[in-house]
Each structure stands twice: as structure tokens, then as C-alpha cells.
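Trainee: Here is my input, please return the structure:
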Amino acid sequence: MTMTEPAFPVRIIRGIPVVITPPEIDITNATRLRAALLRAAAARPGTDLVVDMTRTRFCDSAGLHALIGAHKRAQAEGRQVRLAVTGTQVRRILALTALDRLIPVCASLDQALTHP
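Mentor: Now for the predicted structure:
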């Protein structure tokens, strides 16, 4: 990774801001995730937000806390955060914490982008 490429890049895909997460989200980079989520929300006010976690294999409580914060902000603004998750361990932690009942979890980025 070069210094010009942030750990949590934000891309606009089909008009939707997408935060792309790395293989591991933990206490060492959760603040950068929070910053990227804020950048993405500011990039397209009023639109939903997608977090592409398809490369992510581990997410600890600090990462989950950042996702909850983004969900609460989006909800307050009448928007939605959707997660694209393929990793079994990440899907399991989302289920165990019931976060998958709070935030829509999609099986692919394409599904997250087209989710109603």
C-alpha cells in the first residue's frame, strides 16, 4: 500500500459512496474507518452508504462500534448504511452481536448497491 492510497478508500460506485475496508479492522485502524465513513457520508449527502467488507476477514468491537456510529448518523439523516460481507467470521460476529438485524448485510457489493 502506498501512502497516497488510504487504508479505507471511498469510491463513488453507481452514484453511491462506498467505503472499502481492509482485511482486518481493529482498535489500530477503527478511527480511520470512522473518518472514511464520515468522508463517504459527506461525499453524497442524502444518499445511502455502502461498506464493502468483502475483503475483510476480521472485525473487532472497535470496528463494530464505528459501523454502529455510521448507522445512527445515517438513520438520523434519513439514509441507510448497508454492508457487503462475504467472510464467514465477519458474518458470524455481526450475527452474534445482532448487528445484522440493525444494519442490512448483503452477500456481495453488487447486492448492497442494488438493495432497496
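Trainee: CA atoms for contacts and neighbours, from now on please.
Mentor: Will do.
Trainee: So what touches the helix or strand harbouring Gln89?
Mentor: For Gln89, the element it lies in under DSSP states H and E is helix 88-96. Residues from elsewhere that reach helix 88-96 (CA atoms under 8 Å, 6 or more residues apart in numbering): Thr56, Arg57, Phe58, Cys59, Val85, Asp100, Arg101.
Trainee: could you point out which element follows it?
Mentor: helix 99-102.
Trainee: excluding its backbone neighbours, what's nearest Ala40?
Mentor: Spatial nearest neighbour of Ala40, excluding adjacent residues (CA to CA, 6 or more residues apart in numbering): Pro17 at 5.4 Å.
Trainee: now do Arg32
Mentor: Phe8 (7.0 Å).
Trainee: Next up, phi/psi of the one you found, please.
Mentor: Recorded main-chain torsions at Phe8 are phi -130, psi 80, according to degrees, to the nearest 10.
Trainee: surely it meets Glu24?
Mentor: No: using CA atoms under 8 Å, Phe8 makes no contact with Glu24, being 11.1 Å away.
Trainee: When these two are compared, which one has more neighbours?
Mentor: Remark: of Phe8 and Glu24, Phe8 carries more neighbours, 21 against 18, as counted by other CA atoms under 10 Å.
Trainee: And the more buried one, how far from Ala95?
Mentor: Between Phe8 and Ala95 the computed distance is 23 Å (CA to CA, to the nearest Å).
Trainee: got it, and Leu113?
Mentor: For Leu113, the distance to Ala95 - CA to CA - is 21 Å.
Trainee: who has more neighbours, these two?
Mentor: The neighbour comparison of Leu113 against Ala95 (other CA under 10 Å) goes to Leu113, with 23 against 13.
Trainee: in the helix holding Gln89, what's buried?
Mentor: Neighbour-count burial for helix 88-96 flags Val90, Arg91, Ile93, Leu94 (criterion: 16 or more other CA atoms under 10 Å).
Trainee: Dump the contacts of helix 88-96 to CSV, plus pLDDT.
Mentor: Listed next are these as CSV, based on pLDDT from 0 to 100:
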residue, pLDDT
Thr56, 97
Arg57, 97
Phe58, 97
Cys59, 97
Val85, 98
Asp100, 97
Arg101, 97
